[in-house]
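>>> output the structure for:
(2 chains)
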Amino acid sequence: MNLGQEYLLLTFVGCCGVLQLAAAFSGLKGMLIAGDRRFSIVVGALLVAGALIWFFWEGGRNLPDTGGGIAGASQFYFFMLGGFLALLTTFLFTSLTNVSRKPSDDTPEGLPTLKETTYLYALARNLIRDTSYLHPVMRNVKAVWKLFHRLTRKFSSG
Amino acid sequence: MEAVSQVDSEVFLWINGWVGTWATFDRMIQWLVSDYLVPVACSLTLLGLWFGWRNEEMRERHQRGVILAGVGVGIGAAMVKASNIFFFRPRPFDAFDIEMLFYPPTDSSFPANPVAVVAGMAMGVWMADKRIGGAMFAAAFIYGFSRVYAGVFYPLDVLGGALVGVAGVGLAYLFLRRIEPLPTMALKLARFLCVA
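Just a heads-up that it's a prediction; the model follows:
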């Protein structure tokens, strides 16, 4: 592995650990890899510490970006990618392991939903329950259809 | 200006002069001065602050702080880039024969870009949470000190970098207030997608 790949792995594993710690402290049970809060704190701390120790085991990795190091902008992109992948992995994995969790009807919107249910369930419920976000899309679809119909009317057979 | 530069050089030489005195301390500095350790630790803190609150009000305040820090760091980095176009200050190792604990960078010494990034993150968080923001400022101070000790920056470069980072967040604050309700709408969308 080159330094860029190792850095991406550091950010991915570190972010997975931080997500477990944050979910455990904020009571987002639907985001915990293991249902137990204390166990998740231990797992999260081990992931963060393990990733940092592994990456910096041989020193500060002090290399210029012209000699194998990672430039500042690339560090930002790698961190964003690592964080996104960590979020995706956590949401997918915990949605499968906590599949039996179902929310009550008065569950608040946003992250607090994950106190009672899993990410995929909460997202699907939001998409189905609230369809107002579809209105501008549907309006545009209707407008495009009307335009298409008007343009092709005289050419259509029938 | 000459006198300020003279004092800056003297303070730098005094701090860097300790290199080689304690091998364990030098080794520790080689870790701290890294391009990765402190920035990654601060970025992970931002991620934790986004998700890690039980209280609704606290969560929103910290999420706004994280957004502010992100935009502020971007503005700060742009300010450093702009400054480097018009102003170039040679690195300390170009002017003095010194002991170095880091590779020799080729860009301008003033302002210290990595310190601007970390100070920007600290300032964004500080505006939402004084305690955690204060801890991040302490990390920025240690990071800046390690860079001077390692022979990469003058103390004034670090101070300049910190000020640029803080100013970037100040501008980000004004910018985000100006484009309101866009940040609120972005948070609402994130809430709809269950990530805020």
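
>>> middle-most residue in chain B, spatially?
The centre of chain B sits closest to B:Val118, judged by Cα atoms, centre = their mean, with a distance of 2.2 Å.

>>> touching chain B at all, the longest helix belonging to chain A?
In chain A, taking DSSP state H as the definition, the longest helix is helix A:72-97. Yes: contact of helix A:72-97 with chain B (Cβ under 8 Å from any Cβ of the partner chain) involves A:Gly72, A:Gln75, A:Phe79, A:Gly83, A:Leu87. Any C-beta I mention is one placed from the backbone N, CA and C, and that applies to glycine too.

>>> the residue nearest to the residue nearest to the centre of chain B when sequence neighbours are not counted: how many residues sit nearby?
Residue nearest to B:Val118 in three dimensions, not counting chain neighbours: B:Ala140, with 4.3 Å by Cβ to Cβ, 6 or more residues apart in numbering or on different chains. Neighbour count for B:Ala140, taken as other Cβ atoms under 10 Å in any protein chain shown: 27.

>>> OK, contacts around B:Ala140?
B:Val38, B:Val115, B:Val118, B:Ala119, B:Ala122, B:Ala162, B:Gly165 (Cβ atoms under 8 Å, 6 or more residues apart in numbering or on different chains).

>>> report pLDDT for the residue lying closest to the fifth one once chain neighbours are set aside.
If I follow you right, that is B:Ala122. Distances taken as Cβ to Cβ, 6+ apart put B:Met136 closest to B:Ala122, at 3.6 Å, once the chain neighbours are dropped. The confidence metric pLDDT takes the value 98 at B:Met136.

>>> what of A:Glu6?
Here the pLDDT value assigned to A:Glu6 is 97.

>>> rewinding a little: the helix or strand just after the longest helix of chain A vs helix A:72-97, what angle?
The first helix or strand that comes after helix A:72-97 along the chain, using DSSP states H and E, is helix A:119-129. Put simply, helix A:119-129 runs at 90 degrees to helix A:72-97, going by axes from the mean of the first three to the mean of the last three Cα atoms, to 10 degrees.

>>> so does helix A:119-129 get close to chain B?
Yes: using Cβ under 8 Å from any Cβ, a contact is recorded between helix A:119-129 and chain B, made by A:Tyr119, A:Ala122, A:Leu123, A:Asn126.

>>> which of the residues you listed lies closest to chain B?
The closest of the residues of helix A:119-129 next to chain B to chain B turns out to be A:Ala122 (Cβ to the nearest Cβ; 4.7 Å).

>>> against B:Trp22, how distant is that closest one?
53 Å (Cβ to Cβ, to the nearest Å).

>>> of these two, which one has the most company?
A:Ala122 (25 against 11).

>>> quick one: that one and A:Thr113 touch, right?
Yes: counting by Cβ atoms under 8 Å, A:Ala122 touches A:Thr113, with 4.1 Å between them.

>>> once you drop chain neighbours, what's closest to A:Ala71?
Nearest one to A:Ala71, counting by Cβ to Cβ, 6+ apart, is A:Asp65 at 4.1 Å.

>>> give me the number of residues near that neighbour?
Using other Cβ under 10 Å, A:Asp65 has 16 other residues around it.

>>> what of B:Val7?
Residues lying near B:Val7 (other Cβ under 10 Å) number 12.

>>> returning to that earlier point: got the phi/psi numbers for the residue nearest to B:Val118?
The phi/psi pair for B:Ala140 (degrees, to the nearest 10) reads phi -60, psi -40.

>>> how much space is there between it and chain A?
16 Å (Cβ to the nearest Cβ, to the nearest Å).

>>> same check on B:Gly151?
12 Å.

>>> who's in contact with the one helix or strand in chain A whose mean pLDDT sits lowest?
In chain A, no helix or strand scores lower on mean pLDDT, DSSP states H and E than helix A:135-152, which sits at a mean of 74. Residues from elsewhere that reach helix A:135-152 (Cβ under 8 Å, 6+ apart): none.

>>> could you do stretch B:23-30 as well?
Here stretch B:23-30 has contacts from A:Gly59, A:Gly60, A:Asn62, B:Val19, B:Gly20, B:Leu101, B:Phe102, B:Ser146, B:Tyr149, B:Ala150, using Cβ under 8 Å, 6+ apart.

>>> for stretch A:95-103, same thing?
A:29-30, A:32-33, A:35, A:113, A:116-122, A:125.

>>> return the residues of chain B in contact with chain A.
Contacts of chain B with chain A, taken as Cβ under 8 Å from any Cβ, map to B:30-37, B:39-41, B:43-44, B:47-48, B:50-54, B:56, B:59, B:77, B:102-106, B:113-114, B:117, B:190-196.

>>> repeat that with 7 Å
B:30-31, B:33-37, B:39-40, B:43-44, B:47-48, B:51-54, B:59, B:102-103, B:105, B:113, B:191-194, B:196 (Cβ under 7 Å from any Cβ of the partner chain).

>>> select only the buried ones of these in ChimeraX?
Here is the ChimeraX command that selects the buried residues among those (16 or more other Cβ atoms under 10 Å in any protein chain shown):
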select /B:30,31,33,34,35,36,37,39,40,43,44,47,48,51,52,53,59,102,103,105,113,191,192,194,196
